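In: quick one: sequence plus predicted model below, questions after.
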Amino acid sequence: MEMIPLEQRNHLYFHALKMWYDVFPSESLLVLSSEQLFENPRASVNQVLEFLSLEPCNDISLPKLNSTSEWAEEGNPTVSIGVDLLEELALYFAPYNEQLCQFLGRDFGWVAPTQFDGG
């Protein structure tokens with residue numbers, strides 16, 4: 001692996017997942033995105049249960065925790081990231097995200113650098 005600072009390496013999921021795939025067969029691993037979990041937690045939990053050959057659980061309460069809007073409504077500080085920084089991050093992570101998508105054979109729909117309008 002190229003020399004990448006630890007702070008950045010922790011966000012390069014391909015490298016971490018590749019190590020697991022080198023040890024275990026792909027059918028033994030389930031990869032979910034946090035976006036998928038946040039968007040539809042019940043379906044995500046049931047996907048995990050199905051993967052583990054367990055019965056689905058539709059009687060589960062999954063409250064939304066750590067919501068940015070709730071955090072702000074409580075008077076807590078929030079941070080706004082400028083478009084320039086978002087574009088810089090997207091450009092930096094783009095090749096690594098593409099590598100991950102190619103490796104897993106799926107598109108996570110993460111922001112591409114070309115999706116920024118500069119304003």
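Out: Thanks, I have the structure now. These figures come from a predicted structure and were not determined experimentally. Numbering: from 1, shown residues only.

In: please count neighbours and contacts with C-alpha atoms only from this point.
Out: Will do.

In: what's the weakest-modelled helix or strand in this protein?
Out: Taking mean pLDDT, DSSP states H and E as the measure, the chain has helix 6-9 as its least confident helix or strand, at a mean of 59.

In: next SSE after that one?
Out: Following helix 6-9 in sequence order, the next helix or strand is helix 13-23 (DSSP states H and E).

In: pull up the per-residue confidence for the residue lying farthest from the centre of the chain.
Out: Note on the chain: the largest C-alpha distance from the chain mean falls to Gly75, namely 27.3 Å (C-alpha atoms, centre = their mean). Gly75 is assigned 72 on the pLDDT scale.

In: report the secondary structure state of it.
Out: coil (DSSP: H, G, I helix; E, B strand; the rest coil).

In: so which elements touch the longest helix along the chain?
Out: Counting by DSSP state H, the longest helix found in the chain is helix 83-104. Contacts defined by 3 or more C-alpha pairs under 8 Å, 6 or more residues apart in numbering; DSSP states H and E place helix 83-104 against helix 13-23.

In: what's the burial count for Lys18?
Out: By the criterion of other C-alpha atoms under 10 Å, Lys18 has 14 neighbours.

In: how close does it sit to Ala94?
Out: Separation of Lys18 from Ala94 (C-alpha to C-alpha, to the nearest Å) stands at 18 Å.

In: for Glu50, same thing?
Out: Taken as C-alpha to C-alpha, the span from Glu50 to Ala94 is 32 Å.

In: kindly report the same for Gly82.
Out: Distance from Gly82 to Ala94, by C-alpha to C-alpha: 18 Å.
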